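> Pasting a predicted model and its sequence here:
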Protein chains: 4
Amino acid sequence: MHAQEMIRTHPRVRGNANDELIRCIEACYDCAQACIACADACLGEDSIQQLTQCIRLNLDCADVCTATGAVASRRTGSDETLLKAMLDACAQACRRCGAECGAHASMHEHCKVCADVCQQCERSCMVASGTITPTRQ
Amino acid sequence: MHAQEMIRTHPRVRGNANDELIRCIEACYDCAQACIACADACLGEDSIQQLTQCIRLNLDCADVCTATGAVASRRTGSDETLLKAMLDACAQACRRCGAECGAHASMHEHCKVCADVCQQCERSCMVASGTITPTRQ
Amino acid sequence: MHAQEMIRTHPRVRGNANDELIRCIEACYDCAQACIACADACLGEDSIQQLTQCIRLNLDCADVCTATGAVASRRTGSDETLLKAMLDACAQACRRCGAECGAHASMHEHCKVCADVCQQCERSCMVASGTITPTRQ
Amino acid sequence: MHAQEMIRTHPRVRGNANDELIRCIEACYDCAQACIACADACLGEDSIQQLTQCIRLNLDCADVCTATGAVASRRTGSDETLLKAMLDACAQACRRCGAECGAHASMHEHCKVCADVCQQCERSCMVASGTITPTRQ
């Protein structure tokens, strides 16, 4: 992905990029794709009855990661309170989805890969959130 | 929209629909469309230099509303903590966007309409959030 | 929804709104929500094994409707070739999803509602597509 | 990104992955992020009046890439006609956005990066589309 090049060349950022946020943006897009693919892979398993909570959490996580990646990619103007709220919500979505996928990791390799991606995105969101100071409004 | 009919016929909901959440789902989709359209209308104004913060908040608000509407539409399995976090983040996005659009309402009629839609969505998200008890995890 | 008020007040549209396109925008958001809810309702059914194709088409249809509603909401600048391609792809997504939901309509009321919404969106996309002339490039 | 690992471990794919489609999925997510970031970077430029068509095409391209990446990530059930229509629409979105960004590449480095990403995604979509045979319906 090219998040670093895009943010580094932004007119309001030049020379002042937040590397933790850039890593988080890439983790969010990675996780959105993995969760959409994992939901669909679960749908194709014979044991789908046991995977309904996993599919639901996958779909929630994908939606929240996509929105968080977009909000975090914007550096013109600001709403740091919203950015922090989304990073925290995204960490929550990844935590729950990663835990559920992790519980099926020994049976379904796609759940194992997805659990790893979710856990990495959860950590990236928490680290990035720690760098953001909500604006007083 | 058909959110009420869809939720009312859901196998895990029958007879136990959360009307505040249903109204919130429809408000989120309404607000997502209004914000995308307002960002684009601002882009077409001669005074665009004064509208960059408005466009940025419109785009954030649209992304968060779309994700919140999707998460709130799912009733199989659960992650009430995430749902509440997203409703609260969405209320925040609508509050900031509604305030910014409201500041240009006398000059740009699309900002006036969008400010009203944002304020209605903010209220719907706060009311719906009040009905959700985060799950202990 | 407020698509009509938003488009009518757009600086590049004033007095020249395309009513078929406005109806299509609202149909796309309605259908996106219905399809996300129907996928989740199918996930909650005991007969989920028979509904995997329905869930997959629901999710595709929701994604395409969301993107089409957004592209159709923009009136600054233009890419009429893309708009027409998206309206046609969206009609295709709604046709397949509506047919699949329709096949389960007698057993699952959410599929019946969703089939109706898909068929209405398919028609709106086709009518709107007929009003668009692709730009020569 | 992990598209390859996710698709390779899908129960309906095992040993039969379409490498062109996998590369295209990753290109779509890369391009969605780059276009969201480029729209926002254009918004922060002093010469924003000259960049309104660029911003509009960026936003369209991001929406279409996000939807295409999602549809292409699903391998349970099928709608090859829709997949091909979305790959073709996405190639069109990338072509127009890449051309517009390319026209500002000497003045704005973010447009140069985005033009490259769009052109790579356009090629990936065209190659992937060539591997898909629409289903007779």
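Arrived safely, thanks for sending.

> how close does the residue nearest the centre of chain A sit to B:Cys90?
Closest residue to the average C-alpha location of chain A: A:Cys28 at 3.2 Å, with CA atoms, centre = their mean. For A:Cys28, the distance to B:Cys90 (CB to CB, to the nearest Å) stands at 17 Å. (Each C-beta comes from the backbone N, C-alpha and C, glycine too.)

> now the residue nearest to the centre of chain A, nearest residue through space, not along the chain?
Nearest residue to A:Cys28, sequence neighbours excluded (CB to CB, 6 or more residues apart in numbering or on different chains): A:Gly69, at 3.5 Å.

> contacting residues around the one you found?
Residues near A:Gly69 by CB atoms under 8 Å, 6 or more residues apart in numbering or on different chains: A:Ile25, A:Cys28, A:Tyr29, A:Ala32, D:Gln33, D:Ile36.

> Over to A:Gln53?
A:Gln53 neighbours (CB under 8 Å, 6+ apart): A:Glu100, B:Thr76, B:Gly77, B:Ser78.

> Do I have it right that the third one meets A:Asn58?
No - with the criterion set as CB atoms under 8 Å, B:Gly77 and A:Asn58 do not qualify as a contacting pair; they are 10.2 Å apart.

> Those two - which one has more neighbours?
A:Asn58 (28 against 19; other CB atoms under 10 Å in any protein chain shown).

> Can you tell me the closest non-neighbouring residue to the more buried one?
With CB to CB, 6+ apart, the residue lying closest to A:Asn58 is A:Ala39, at 3.8 Å.

> Before we move on, what's the pLDDT of A:Gln137?
Note for A:Gln137: predicted pLDDT of 55.

> now swap in A:Gly77 and tell me
Looking at A:Gly77, its pLDDT stands at 89.

> Go ahead and list the helix or strand containing the residue nearest to A:Cys28.
helix A:52-72 (DSSP states H and E).

> other SSEs contacting the next helix or strand after that helix?
The element immediately downstream of helix A:52-72 (helix or strand, assigned by DSSP H and E) is helix A:80-103. On a contact count with 3 or more CB pairs under 8 Å, 6 or more residues apart in numbering or on different chains; DSSP states H and E, helix A:80-103 meets helix A:19-43, helix A:52-72, helix A:109-130, helix B:52-72, helix B:80-103.

> Going by neighbour count, list what's buried in the longest one.
Meaning helix A:19-43. Buried residues in helix A:19-43, counted by 16 or more other CB atoms under 10 Å in any protein chain shown: A:20-43.

> by contact count, what packs against it?
helix A:3-8, helix A:52-72, helix A:80-103, helix A:109-130, helix C:52-72, helix D:3-8, helix D:19-43, helix D:52-72.

> Quick one: mean pLDDT for it?
97.

> Just want the angle from it to helix C:19-43.
Using axes from the mean of the first three to the mean of the last three CA atoms, to 10 degrees, the direction of helix A:19-43 lies 70 degrees away from that of helix C:19-43.

> gap between helix A:19-43 and the chain center?
Distance of helix A:19-43 from the chain centroid (CA atoms, centre = their mean, to the nearest Å) equals 5 Å.

> Can you find the helix or strand of chain A with the lowest average pLDDT?
Between all helices and strands in chain A, the lowest mean by mean pLDDT, DSSP states H and E belongs to helix A:3-8, at a mean of 93.

> A:His104 and chain B, how far apart?
Distance, A:His104 to chain B, by CB to the nearest CB, to the nearest Å: 14 Å.

> these two touch, right, that residue and A:Ile55?
No - between A:His104 and A:Ile55 there is no contact under CB under 8 Å: 11.1 Å.

> joint contacts of the two?
Going by CB under 8 Å, 6+ apart, no residue sits against A:His104 while also sitting against A:Ile55.

> With neighbour numbers in mind, choose between those two.
A:Ile55 (27 against 21).

> any idea how far the more buried one is from C:Leu51?
12 Å.

> what do you get for A:Pro134?
Note on A:Pro134: its distance to C:Leu51, by CB to CB, is 43 Å.

> How about the contacts made by the residue lying farthest from the centre of chain A?
Largest separation from the mean C-alpha position in chain A: A:Asp46, at 27.9 Å (CA atoms, centre = their mean). Neighbouring residues of A:Asp46 by CB under 8 Å, 6+ apart: D:Pro11.

> where does it land in three-state SS?
coil (DSSP: H, G, I helix; E, B strand; the rest coil).

> Tell me how far it lies from chain B.
Distance, A:Asp46 to chain B, using CB to the nearest CB: 19 Å.

> Likewise for A:Gly77?
4 Å.

> Isn't that residue up against B:Asn58?
No - A:Gly77 lies out of contact with B:Asn58 (CB under 8 Å); the separation is 10.3 Å.

> where does A:Val13 land on pLDDT?
A:Val13 is assigned a predicted lDDT (pLDDT) of 87.

> circling back: could you verify my assumption that the residue nearest to A:Asn58 touches A:Asp60?
No - with contact defined as CB under 8 Å, A:Ala39 and A:Asp60 do not form a contacting pair (9.8 Å).
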